[in-house]
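Trainee: A structural model of the following input is requested.
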Amino acid sequence: MTDTAPSARRGFLAGLARLRRGPWELVATVLIGLGVVMLMQPVSATAYAYSFVTILAGTVMFAVVSHFPE
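Mentor: The predicted structure follows:
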């Protein structure tokens, strides 16, 4: 039985290192999602305060990396 997770992880990291669109769009999307979760949680006022900056950073990052080569 072979484990494909290390090779997939290696491909993801190689895509990040070579500035490929797919892996960086995934990172930007996760950042936007994290900001939305921070915005909607009722526990931490600090997380709520940084949520807009996190969403904005993810959105700007997504706009920039959408110009990267596939």
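Trainee: going forward, measure contacts between C-alpha atoms and count neighbours the same way
Mentor: Noted.
Trainee: Run through the strands of this protein in chain order.
Mentor: Ranges of strands within the chain: none, based on DSSP state E.
Trainee: roughly how far apart are the spatially most central residue of it and residue 55?
Mentor: For the chain, the residue nearest the mean C-alpha position is residue 27 (1.9 Å; C-alpha atoms, centre = their mean). Note on residue 27: its distance to residue 55, by C-alpha to C-alpha, to the nearest Å, is 12 Å.
Trainee: re earlier: give me the pLDDT value at the residue nearest to the centre of the chain.
Mentor: With respect to pLDDT, residue 27 scores 93.
Trainee: again, but for the one 10 residues further on
Mentor: We have a pLDDT of 97 for residue 37.
Trainee: Then residue 1?
Mentor: The predicted local confidence for residue 1 is 52.
Trainee: The protein: helices as residue ranges?
Mentor: Per DSSP state H, the chain carries helices over the ranges 5-17, 21-40, 45-65.
Trainee: Would you mind finding the most buried of these?
Mentor: Across those, averaging neighbours per residue (mean count of other C-alpha atoms under 10 Å) puts helix 21-40 on top, at a mean of 18.
Trainee: any idea how far residue 42 is from the residue nearest to the centre of the chain?
Mentor: 25 Å.
Trainee: Repeat that for residue 69.
Mentor: Noted for residue 69: a distance of 39 Å to residue 42, by C-alpha to C-alpha.
Trainee: Next: residue 53.
Mentor: When distances are taken as C-alpha to C-alpha, residue 53 and residue 42 turn out to be 18 Å apart.
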